[in-house]
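Student: no sequence on this one, just coordinates:
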């Protein structure tokens, strides 16, 4: 189950603009923090 501590962690991640993936496991829920960032392309001219 998701308790208040887990909810607070999820909200903090979402507040940063990152994504959260929740995976059900035997003892509750596993939280995966997914970060996305743009890769700047550096090509010689």
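Tutor: It's in. Here the structure is a predicted model, which is why all the values come from computation and not from measurement.
Student: Secondary structure element holding residue 32?
Tutor: Per DSSP states H and E, residue 32 falls inside strand 28-34.
Student: For residue 21, identify the helix or strand it belongs to.
Tutor: Taking DSSP H and E as the definition, one finds residue 21 inside strand 19-25.
Student: Name the residues of that strand that are buried.
Tutor: Of all the residues in strand 19-25, not one is buried under the rule 16 or more other CB atoms under 10 Å. From N, CA and C alone the C-beta is placed, and that goes for glycine too.
Student: Which strands or helices does that strand pack on?
Tutor: Where contact means 3 or more CB pairs under 8 Å, 6 or more residues apart in numbering; DSSP states H and E, strand 19-25 is packed against helix 4-15, strand 28-34.
Student: Can you lay out these as JSON lines showing mean neighbour count, mean pLDDT and distance to residue 21?
Tutor: JSON lines is the format used below for those (neighbours: other CB atoms under 10 Å; pLDDT from 0 to 100; distance: least, CB to CB, whole Å):
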{"stretch": "helix 4-15", "mean neighbour count": "11", "mean pLDDT": "94", "distance to residue 21": "10"}
{"stretch": "strand 28-34", "mean neighbour count": "12", "mean pLDDT": "92", "distance to residue 21": "4"}
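Student: Redo those as TSV? Include distance to residue 42.
Tutor: Formatted as TSV, the helices and strands packed on strand 19-25 follow (distance: least, CB to CB, whole Å):
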stretch	distance to residue 42
helix 4-15	30
strand 28-34	25
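Student: Among those, which comes closest to residue 43?
Tutor: For these, the distance to residue 43 is smallest for strand 28-34, at 28.0 Å, taking CB to CB.
Student: Sheet-wise, list the partners of that closest one with their directions.
Tutor: Take DSSP bridges as the rule and strand 28-34 pairs in its sheet with strand 19-25 (antiparallel).
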